[in-house]
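S.K.: predicted structure and sequence below. I'll ask about it afterward.
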Amino acid sequence: MKRNRRAIFVLTLLPMAFFLAFTYWYQGISEPLTAEEVSRYMNIIESQPQNPGGRHKIPALRDFLENDDGKPFYTVNLYKYFDQATYQDAQMSNVTGREAFDRFTRVMVPLLIQHASHPIFGSNQMLETLTGWDRLVIVRYRSRRDIADIFASSEFAEASKHKWAALEKNERMLVQGVHIPELFIAAIAITIVWSLVAFCIRGSGVRIALRTSGGVN
């Protein structure tokens, strides 16, 4: 019985250890970017080929990184696609704007995940006749350091040709405020804690029963 209880205890601790490690990675403990880091990132980004490259608004991006608070943030992104993609290489333009943007997404989403960031909402139901936009996407970033890492990557710079071939126009809005822990993280924590409590209560009950029956001296 002791061996079984030990195995149960280990199996209970393993999910808890995984949960704590995941939470540490996902939430992050990020210090604000230093002036040296900002300069390094901006030098890399500005040196990237701009054909088309990221097409960043350099002064605005520098100000955004210089005012880092080390906290997660969200972007609200609005997209309007070209009917036909507008690649610099005309031979690549035999796809729709949406199809070209999907090519960009296949690169961007893995980059986001590598940095504990991800889309949290997306919708094509934008009523174009009323809003003028085809798609709304809200993305959660772990920190400004993470978005700088993504922008500075060669993968992002290369994939941007698909983004700009796809988009007739786009808007990005920053949303930042008090961050409430995600519901699924709270649910996992409650489940693990409850499992541990149940295990301890069960163990105590077994010991009491054995003592009462004379099974434990």
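M.R.: Noted; the coordinates are in hand.
S.K.: and the helices in the chain?
M.R.: Per DSSP state H, the chain carries helices over the ranges 2-27, 35-47, 58-66, 97-114, 128-131, 144-151, 154-166, 183-213.
S.K.: now tell me which of the ones you listed the model trusts least on average.
M.R.: Lowest mean pLDDT within these: helix 183-213, at a mean of 56.
S.K.: so how far is His56 from the closest residue to Tyr81 other than its chain neighbours?
M.R.: Nearest in space to Tyr81, with sequence neighbours left out and distances taken as CB to CB, 6 or more residues apart in numbering, is Gly97 at 3.3 Å. All C-beta atoms are positioned from the backbone trio N, CA, C, and that covers glycine. Remark: distance between Gly97 and His56 (CB to CB, to the nearest Å) = 21 Å.
S.K.: who has more neighbours, these two?
M.R.: Ranked by neighbour count (other CB atoms under 10 Å), Gly97 and His56 place Gly97 first, with 22 against 17.
S.K.: quick one: the more buried one and Arg103 touch, right?
M.R.: No. Look at Gly97 against Arg103 with CB atoms under 8 Å: they stay out of range, at 10.9 Å.
S.K.: so what's the nearest residue to Tyr79 once chain neighbours are set aside up against?
M.R.: Spatial nearest neighbour of Tyr79, chain neighbours left out: Arg135 (4.5 Å); criterion: CB to CB, 6+ apart. By CB atoms under 8 Å, 6 or more residues apart in numbering, the residues touching Arg135 are 78-79, 81, 122-124, 126.
S.K.: possible to save those as a markdown table with pLDDT?
M.R.: Conversion of these to a markdown table gives the following (pLDDT from 0 to 100):
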| residue | pLDDT |
| --- | --- |
| Leu78 | 94 |
| Tyr79 | 95 |
| Tyr81 | 96 |
| Gly122 | 91 |
| Ser123 | 88 |
| Asn124 | 85 |
| Met126 | 61 |
